[in-house]
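Got a predicted structure here, sequence first:
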Amino acid sequence: MLVDSHCHLDFPELHSNIDAVTARMADAGVGHALCVAVNMEDFPRVRDLAERFDQLSASVGVHPDHEGGEEPDVARLVALAAHPKVVAIGETGLDYYRHPERAEAQLARFRAHIRAAREAGKPLIVHTRSASEDTLGVMREENAQVAGGVMHCFTETWEVAEAAMEMGFYISFSGIVTFRNATELREVARRVPAERLLVETDSPYLAPVPLRGRTNEPAFVRHVAEEVARVRGIGIEALAGLTTANFFRLFRDARAV
Ligand code: NI
């Protein structure tokens, strides 16, 4: 069994076909998927999916790129995280690639999410882009290691992976690891210790090779897993076994069905 540790099934292109998407997930041997919230306005839809489908769980949080919606404080995040199917806080983090001008607001939001994760006793889902130094710095200052979590859709260097793992974080690889030009990233995927490795789709974005250009979905996490298994020189079943065990160890409130 495989797990997709990060997807966005509430996005319209997947939500409008949810029964077909979950059926293909089962056919592909993907037994669980974590639906990750990106803003407060759509969070009820994420939570509803997790309530409706045993094989889905949810997170609560506001993505660093999101603007103009509700800005949740620590207490609000902690309250929503008390739902039995909300297993994580995020996605949160810093994105200086898309919004360098909003660094200050992103930093404040990131700190609130880390504090909420510590208080709620739930792991963090961290997004970082062109901001690894500040991301790691804030994680250290806010004692993110108390909550633990995952560096999702990892595209950074080995040094960044190592620093995050020193704080107890896991490293999750998406379809980017299958891209032709991702040579350095494949080397990181080869080196990450087996007990810290996760795989994800980040669907509907980033469909892996050989499905690029299509709407991504949790079933396609098999292609990510196959590539990571290949670079590590192990079989797909071994890779599936270890990433699935890692997922349920990290997201301890998620239940396998
Ligand atoms: Ni995402």
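Yep, it's here.

Just the residues contacting the helix or strand that contains Glu187, thanks.
Secondary structure assignment for Glu187, by DSSP states H and E: helix 183-191. For helix 183-191, the surrounding residues in contact (CB atoms under 8 Å, 6 or more residues apart in numbering) are 154-158, 161, 171, 173, 176-177, 197, 227-228, 231-232. For the C-beta atoms, the positions are set from N, CA and C on the backbone; glycine is no exception.

cool, stretch 19-26 as well?
Residues from elsewhere that reach stretch 19-26 (CB under 8 Å, 6+ apart): 4, 9, 14, 33, 53, 55-56, 217-219.

Look up phi and psi at the nearest residue to Pro218 once chain neighbours are set aside.
Spatially, and ignoring its direct neighbours in sequence, Pro218 is nearest to Asp4 (3.9 Å; CB to CB, 6 or more residues apart in numbering). Torsion angles at Asp4 (phi, psi; degrees, to the nearest 10) stand at phi -90, psi 110.

just Lys122 next, same as before
Per-residue torsions, Lys122: phi -120, psi 150 (degrees, to the nearest 10).

In the chain, spot the strand with the most residues.
strand 86-95 (DSSP state E).

What is the burial count for the residue nearest to Pro218?
Asp4 has 34 neighbours, counted by other CB atoms under 10 Å.

re the thing from before, average model confidence for the helix holding Glu187?
In this model, helix 183-191 has an average pLDDT of 98.

Going along the chain, name the helices of the stretch 101-250 of the chain.
Taking DSSP state H, counting those that start in this stretch as the criterion, the stretch 101-250 of the chain contains helices spanning 103-120, 132-141, 158-166, 183-191, 221-232, 236-250.

May I have the secondary structure class of Val21?
At Val21, secondary structure determined by DSSP: H, G, I helix; E, B strand; the rest coil is helix.

Count the neighbours of Ala256 for me.
Neighbour count for Ala256, taken as other CB under 10 Å: 12.

separation between Val209 and Val74?
Going from Val209 to Val74 by CB to CB, to the nearest Å gives 41 Å.

repeat for Thr243
31 Å.

quick one, which of those two is more surrounded?
The neighbour comparison of Thr243 against Val74 (other CB under 10 Å) goes to Thr243, with 26 against 17.

Spit out the contact partners of that one.
By CB under 8 Å, 6+ apart, the neighbours of Thr243 are 2-3, 5, 197-199, 225.

Pipe those into CSV and attach neighbour count, distance to Leu185 and pLDDT per row.
CSV is the format used below for the contacts of Thr243 (neighbours: other CB atoms under 10 Å; distance: CB to CB, whole Å; pLDDT from 0 to 100):
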residue, neighbour count, distance to Leu185, pLDDT
Leu2, 26, 20, 98
Val3, 28, 20, 98
Ser5, 32, 17, 98
Leu197, 20, 13, 98
Leu198, 28, 14, 98
Val199, 31, 13, 98
Ala225, 27, 15, 98
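
Let me have the residues you listed in a markdown table, extended by distance to Leu250.
Output for the contacts of Thr243, formatted as a markdown table (distance: CB to CB, whole Å):
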| residue | distance to Leu250 |
| --- | --- |
| Leu2 | 15 |
| Val3 | 10 |
| Ser5 | 8 |
| Leu197 | 11 |
| Leu198 | 7 |
| Val199 | 13 |
| Ala225 | 17 |
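
Can you pick out the most distant pair from those residues?
Leu2 and Leu197 (12.4 Å; CB to CB).

got any ranges where the stretch 151-257 of the chain has weak pLDDT?
Of all residues in the stretch 151-257 of the chain, none has pLDDT under 70.

Of the helices of the stretch 101-250 of the chain, give the one that comes closest to Val62.
Judging the helices of the stretch 101-250 of the chain by CB to CB, what sits closest to Val62 is helix 103-120, at 6.2 Å.

Tell me the helices and strands packed up against that closest one.
With contacts defined as 3 or more CB pairs under 8 Å, 6 or more residues apart in numbering; DSSP states H and E, helix 103-120 has these neighbours: helix 74-81, strand 86-95, strand 124-129, helix 132-141.
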